[in-house]
Each structure stands twice: as structure tokens, then as C-alpha cells.
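Colleague: show me how the following folds:
(2 chains)
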2 protein chains.
Amino acid sequence: METVLNPTVVSAARSYGGWQRVYEHRSAVLDCSMRFGLYEPPELGKPRWVLYWLSGLTCTEQNFITKSGFQRWAAELGAIVVAPDTSPRGDRVADDPDRWDLGQGAGFYVNATEEPWARHYRMYDYVLQDLPSAIASILPGVGELPTAIAGHSMGGLGALVLGLRNPGRYRSISAFSPIVNPSQVPWGQGAFGHYLGSKYDAWRAYDPTALIQDYGPRTGRDPQGEPPILIDQGTADGFLGQQLQPEVFRDACQAVGYPVTLRLQPDYDHSYYFVATFLGDHFAHHAAHCTGDRAI
Amino acid sequence: METVLNPTVVSAARSYGGWQRVYEHRSAVLDCSMRFGLYEPPELGKPRWVLYWLSGLTCTEQNFITKSGFQRWAAELGAIVVAPDTSPRGDRVADDPDRWDLGQGAGFYVNATEEPWARHYRMYDYVLQDLPSAIASILPGVGELPTAIAGHSMGGLGALVLGLRNPGRYRSISAFSPIVNPSQVPWGQGAFGHYLGSKYDAWRAYDPTALIQDYGPRTGRDPQGEPPILIDQGTADGFLGQQLQPEVFRDACQAVGYPVTLRLQPDYDHSYYFVATFLGDHFAHHAAHCTGDRAI
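Modeller: This is a model prediction of the structure:
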């Protein structure tokens, strides 16, 4: 199966001594053209590692690369950073134009099974398969590098799900303001019902709290050695109480002994102002687990 | 004359321990409502100073506050940062909807004398008068603090002109990719002809290179003790050859002994990726002259 056709450069800008580029490529998994951001840090002799960043509702590949200031940390710590779009795109791709939390811009990093979504909405497989293939076609050997995953809000959900379901794939996981228990909150229920149908078992595969509950004594799975999770959450985040509830996830982790750090940041909101403020700590978290470099 | 009516908060987000707010107020000088960004750094015992940042063509008050990552430097160095819009705004304000380099979003920081622009297009006076009054109404005493001015592209032009024409007002000046000789390049000619008419003497008052030429032996003005200027320019900037030509300004400064540093940054373009990369050096430049704090 031909999964990647010719990633082409859409834009390129030098940034902190490296290069921030945006590419377009054909994704077979999603059956559409997709854009992603790719940052290459300068050659400073640092050990290299890779961070996948998953963005939140309504975002494209642009939000993280223009608003977070991550390039500073990536340049300093030798990180190649991959920032995909948040859903399949295009006129032929199903959408719900009346909703910003379903359809284009709201892929939720699941493989949809229900119509009209099943054909294109396969962001879980895209991030695991087509996207790494595209990156490897640009930077040969990148698949051998230590890799971490992080995200914001809906993208924090994606980072947790991809990180927990693919042992050995990611060395560390982090999230800002993640949706941790989508089966139980309006954003998740409103999307999962459309993408995955009404079977709760299908939802559990994309619910970080449910995935954590499968560790521990009940199943015999051992969380020691699993990728450690860092979560930052602003206390002035308007979505905190109804949609996010990170304590639910932390409590589930603590119940089974999964390594998690949840930090509640006073007065911070859901925006990239919040993400930018604490992003250096997340890069340090990932660099420590990907390269052992704690000098930050 | 009542110059400021009730600046009201449009948005507020915590950022790097301080607060990034956007305000709206009525400007008498511009005869319209205006928005500006105001960042207050955290209370860290640092000496306080103020930086005015002027943005470039097509920008609003949002570009710098969302894309530059400046809050990191402002928090670290104790800077209050003021980021105004780039022109008067509103349905009653003259515009040329077919051009992005004239009218709304393109005020060029001049006081227009020609119709239909003269009534509202007075950004020079706005940045000198109404904007500081609005800031003082929010943060009493801020007018007593050491103050610096900086900007990007058209905003670099504004920073140079305001800094050079108001001795004692600003301790230091800096610019990214500034328009340094507007009388001689298409952007400046296309705007100044509309805003200022055809008299070249009127143009000279808003032309940094012409202002520099008034220093030195010919006029007896002494550039020593004037605010030192730092300029960064990317060599891959598509506007470099036709619109910017910073060497013309540097040569004029050197001819009269005005303190200027021009740095040509290889492969960087005109974007905020470029600005963000070197912004820390500009904050260090301003902090050194505003507070004597060189520890960066």
C-alpha cells in the first residue's frame, strides 16, 4: 500500500537557528491531503529526539508552530518536532459546519467506524502510520530516534491515548489541559457517539482514564516502566469543571501505580499563553526521558 | 481635552507569571475606539521599565502578543509592554480596501494632513499622547518609569521616528526589518503621498534616514547621548532589497556618529519566527539602557 506521496514544502522559515517548515502530503489512511509542521533544530551536537505535538479543537498545524514559542526549547534540547493538523480536510471530507467540536478540526485522534465519518476520520492511524512515514521520507533514520508525544486539550487526549496504547513507542507523555475521560464529558460523548457509535467498549479504547484502569491488579499489567506522564492544568480554564477534570485521571493513575504528575497552575486559562508559559517544563520532561539530558 | 475614556478589559490571560490583557478605549486623537495589548510582569522585585512595541503592515494589537513569545523576556526583565494597533479602525475611518499597505492596518505612525486621511490617521500623536495616557490610567505612575521603543517593519519605522524625534522620551530604540528610508522606497512613497501630500519636507519628519542626517556637523546636533539603536535584519527577507535597505540607515548613522548596531541574520525572513528568535537580544538591549540590568 502506498501510504505517502511526495511531501512537498508549503513554507519554510528559519527559527532559533533551525528550520520551521510546513509540508503537504497525501495520506492514504485519511484519503485526503494533509499539512503538518516539522521543526528541525540546529546542528549543535545534541542527541536528537522527536516530539509529536497534537493540537486541540479548531486548530490546524499552524497554532502550535506560531503561538507556543516551542522552537526555543526544541533548538536548545535537540528536538525534531512534528505538528499535524487535527482532522482530515477537504471538500470531500464529511463535516458538521454547525459544530466546532465535530468534523473538520475535531478529529479526536480516533479511527471512526460510523458513517459518514469512517472513510476519512482515522487520525489515530494517521499519527501512528502515515505521519511517521512522511517524516521518515524527509529525514531518513528519524524512526530510530527516541520519541515522545504531547498535546493540548483534545490533543492532550490524543497524546494520552496514543502513548498508553502503544508500549515502547513513546518514551514519555505530556499534556496541557487534556480531555482525560471523554466517555463521561460532553465533548467526548458528543464526538464519540458520532465517530464510534453507541458501544461503550469502542469508546474505552480512546478514553485515557479507562486505559489506565486496565493496568494494575485487575489485569496484571504493570505500570512500572511505562512512559511517565506530566499534565499541566490552569485553574481559570473555563472548560475545567465540565470537560476536563484532570483529577479523575490522576486518581485513576494513583490507584494502579501509574507514574503521573498533575500540576494545577493558579489563574491560568486554556490558551496558548498558558501553554507557552510551562512548555519548557514539558520539553525538559521529554528530553530527560529521551536523552537523559536534564540540564535545563 | 478629554483624551481617554475608560479603558476597558477585552481579554485577560495569565502568562509567565504576569498578565497579558487587551484593552479597548476611546482615542480623542484618532477619533475612534482602539485596542491595545498591555503586559504586566510578575512582581519579582526587578526594577520596572516600559517597552512600546509597534507592529507592521496588516497587523493588529494581536500579532505581537500571540506570536512573539515576548512575555518570557518581559517577565524575566521586569518590562511592562504596550502593543497598540497599527492604525485607526472602524466603519467611519477612511480605508482603501484594495490595498494592504494603505489605510486600516497601515497607519505608518504619521499624522496625516491630506484628505480623506487627516481626521483619523494620527498614529504618531496617538503613540505619544493618548496611548501613554491610557496606560497611566490603568497603571498610575507608569509615566515615571524608564521607557524604550521597538517595532517590526512599518513598526520599526515608527519606533525609529518616534525615538529620534523625541529626545529624552525613550532610553533606547530597536527594530526588526525596519523601513528606514520611506521617502525612497515604494511602501513609503505609496503611503506618504496619500497621508502627507507631495511636499518632501513633510516626508522628512517621518523618514529615519533623513532625521539622522540632521545630526552631525551640518546642524551642530550631537548624537552622543542619544538613544542607541539595535536593528536586526534577515538576509532571506523578501522585502530586503526593494523596501528595507537597512545599510542606507546604518551608513547615515555612521556618517554622523549616531550609535547604531545593524545585524544581518543569515537565512532569516520577515516573519515572527525571525522576530522571536532574536527578541531576547532586543529586550536585553532595552533593559541595559532602562535599568542597567545586563544579566541576561
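
Colleague: point out the residues in chain A that sit beside chain B.
Modeller: Residues of chain A lying near chain B by Cβ under 8 Å from any Cβ of the partner chain: A:13-17, A:20, A:66-67, A:69, A:71-72, A:234, A:236, A:265, A:267-269, A:271-274, A:276-277. Every residue, glycine included, has its C-beta placed from N, CA and C.

Colleague: next up, the contacts around A:L196.
Modeller: A:110, A:112-114, A:202-203, A:206 (Cβ atoms under 8 Å, 6 or more residues apart in numbering or on different chains).

Colleague: pull out the buried members of those residues.
Modeller: In those, burial by neighbour count holds for A:110, A:112, A:202-203, A:206, counting by 16 or more other Cβ atoms under 10 Å in any protein chain shown.

Colleague: hey, what's the residue nearest the centre of chain A bridged with?
Modeller: The residue lying closest to the centre of chain A (Cα atoms, centre = their mean) is A:L54, at 3.0 Å. Under DSSP bridges, the beta-bridge partners of A:L54 are A:G151.

Colleague: where does the nearest residue to A:F70 once chain neighbours are set aside land on pLDDT?
Modeller: Closest residue to A:F70 apart from its sequence neighbours, by Cβ to Cβ, 6 or more residues apart in numbering or on different chains: A:L279 at 5.8 Å. As predicted, A:L279 sits at a pLDDT of 98.

Colleague: ok, A:G220 next?
Modeller: Value for A:G220, per-residue pLDDT: 77.

Colleague: for the closest residue to chain B within the stretch 1-150 of chain A, which non-adjacent residue is spatially closest?
Modeller: For the stretch 1-150 of chain A and chain B, the shortest gap (Cβ to the nearest Cβ) falls at A:G69, measuring 3.4 Å. Spatial nearest neighbour of A:G69, excluding adjacent residues (Cβ to Cβ, 6+ apart): B:G69 at 3.4 Å.

Colleague: surely the one you found touches B:A276?
Modeller: Yes - using Cβ atoms under 8 Å, B:G69 is in contact with B:A276, at 5.1 Å.

Colleague: can you tell me the SS state at the residue nearest to A:F70?
Modeller: helix (DSSP: H, G, I helix; E, B strand; the rest coil).

Colleague: dump the residue contacts of it.
Modeller: By Cβ under 8 Å, 6+ apart, A:L279 lies in contact with A:68-70, A:73.

Colleague: how far away is A:A79 from B:A134?
Modeller: 41 Å (Cβ to Cβ, to the nearest Å).

Colleague: whoops, I mixed them up, A:M154
Modeller: Taking Cβ to Cβ, one finds A:M154 at 38 Å from B:A134.

Colleague: try A:Q243
Modeller: A:Q243 is 36 Å from B:A134, by Cβ to Cβ.

Colleague: higher neighbour count, A:M154 and B:A134?
Modeller: Ranked by neighbour count (other Cβ atoms under 10 Å in any protein chain shown), A:M154 and B:A134 place A:M154 first, with 30 against 26.

Colleague: buried ones in the strand of greatest length in chain A, by neighbour count?
Modeller: Looking across chain A with DSSP state E, the single longest strand is strand A:4-15. Buried residues in strand A:4-15, counted by 16+ other Cβ under 10 Å: A:4, A:7, A:11-15.
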